[in-house]
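> model this:
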Amino acid sequence: SILQDLGEGKSVQDYSLDSSSQLLPLKDWFVVPNDPTSQLSILQKRHDSPLDGHPVQEKTLKPVKWDFHWAGMTQFMKDYVSSCQHCSRNEHIHHKKFGLLKPVPIPNGLWICLSMHFITQYPLSNSFDSILVIVDRFSKMAVFIPTMSSMSSLELAHLFIKNIFSKHGLPSIIVSDRGSLFVSWFWTNLCQKLKISRDWSTAYHPETDGQTGRVNHILEQ
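Take a look at the predicted model:
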């Protein structure tokens with residue numbers, strides 16, 4: 001790779017290695033390595049800064065593109081801004097008010113009530129581009145399972161059995177959003193057969209499922 005060649009002291013046209021930041025200046029851009037931590041750091045500085053005031057997607061995207069480039073950056077930035085809790089709380093409402101959001105009650109025992117959520121659109125790493133996050137709502141213990149965004153509901157069931165059921169037993173309740181895998185026929189019937197109740201969180205409303213939202217934010221940082 002270019003980064004490896006530069007690290008070995010080889011000359012690569014239009015590129016040079018910045019030893020302090022590990023970025024690759026390409027003409028007027030800095031090419032950011034395939035590292036989610038570096039990419040998130042850039043977005044946090046450009047979007048979360050009080051001086052910038054949490055700009056919308058287009059206003060976040062344009063200035064970042066002036067200075068930086070990495071593979072998949074447009075979708076990465078759209079996902080980041082869409083999942084910003086500050087923006088979701090302060091977004092202008094263009095519809096009638098919804099009913100009151102009711103946080104899911106905290107259970108009184110370990111691994112009785114779980115939250116499940118996918119974090120997607122990561123750059124490929126060891127053939128994985130997504131993370132399945134499962135949180136025990138009593139202890140706040142979290143399990144992070146690398147996976148693919150193209151996984152099927154059958155594969156979701158296998159991951160659940162391998163990583164949760166085999167170690168902690170069956171939960172009574174699973175809280176998730178209404179993603180395609182969680183509302184699929186197979187997953188719905190599996191939960192019914194195992195007598196697992198399901199509850200729904202609301203997309204971009206962390207008030208409904210704050211624990212998983214906080215875990216996701218810590219993981220992304």
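> Which stretches in this protein count as strands?
Counting by DSSP state E, the chain has strands at residues 24-26, 29-31, 68-69, 113-119, 130-136, 142-147, 173-176, 197-200.
> the helices in the chain, which residues?
Counting by DSSP state H, the chain has helices at residues 2-7, 36-47, 57-67, 73-82, 85-90, 153-160, 166-168, 185-193, 210-220.
> weakest of the ones you listed by average pLDDT?
Among the helices of the chain, helix 210-220 has the lowest mean pLDDT, at a mean of 53.
> Domain map for this protein?
When the chain is parsed with automatic domain parsing, its domains come out as 2-90, 113-220.
> so Asn126 makes contact with Pro146?
Yes: checked against C-beta atoms under 8 Å, the pair Asn126 and Pro146 is within contact range at 7.2 Å. The C-beta positions use only the backbone N, C-alpha and C, and glycine is treated the same way.
> give me every residue that touches Ser184.
Ser153 (C-beta atoms under 8 Å, 6 or more residues apart in numbering).
> if we can go back for a sec, tell me which of the strands of the chain sits most buried.
Ranked by mean neighbour count under mean count of other C-beta atoms under 10 Å, the strands of the chain are led by strand 113-119, which reaches a mean of 22.
> Quick one: list the elements packing against that strand.
strand 130-136, strand 173-176, helix 210-220 (3 or more C-beta pairs under 8 Å, 6 or more residues apart in numbering; DSSP states H and E).
> Taking helix 153-160 as reference, get the angle to that strand.
Going by axes from the mean of the first three to the mean of the last three C-alpha atoms, to 10 degrees, strand 113-119 is angled at 120 degrees with respect to helix 153-160.
> leaving aside the residues next to it on the chain, what's closest to Tyr122?
Distance criterion C-beta to C-beta, 6 or more residues apart in numbering; nearest residue to Tyr122, sequence neighbours excluded, is Asp129 at 5.2 Å.
> thought that neighbour was touching Ile119?
No: checked against C-beta under 8 Å, the pair Asp129 and Ile119 is beyond contact range at 10.0 Å.
> Quick check: neighbours shared by the two?
Residues touching both Asp129 and Ile119 by C-beta under 8 Å, 6+ apart: none at all.
> thinking again about what came up before, and the strands of the chain, which one is worst for confidence?
Ranked by mean pLDDT, the strands of the chain bottom out at strand 24-26, with a mean of 54.
> residues in contact with Arg43?
Wrong residue type there; residue 43 is Leu, not Arg. Here Leu43 is in contact with Thr60, Val64, Phe76, Met77, Tyr80 (C-beta under 8 Å, 6+ apart).
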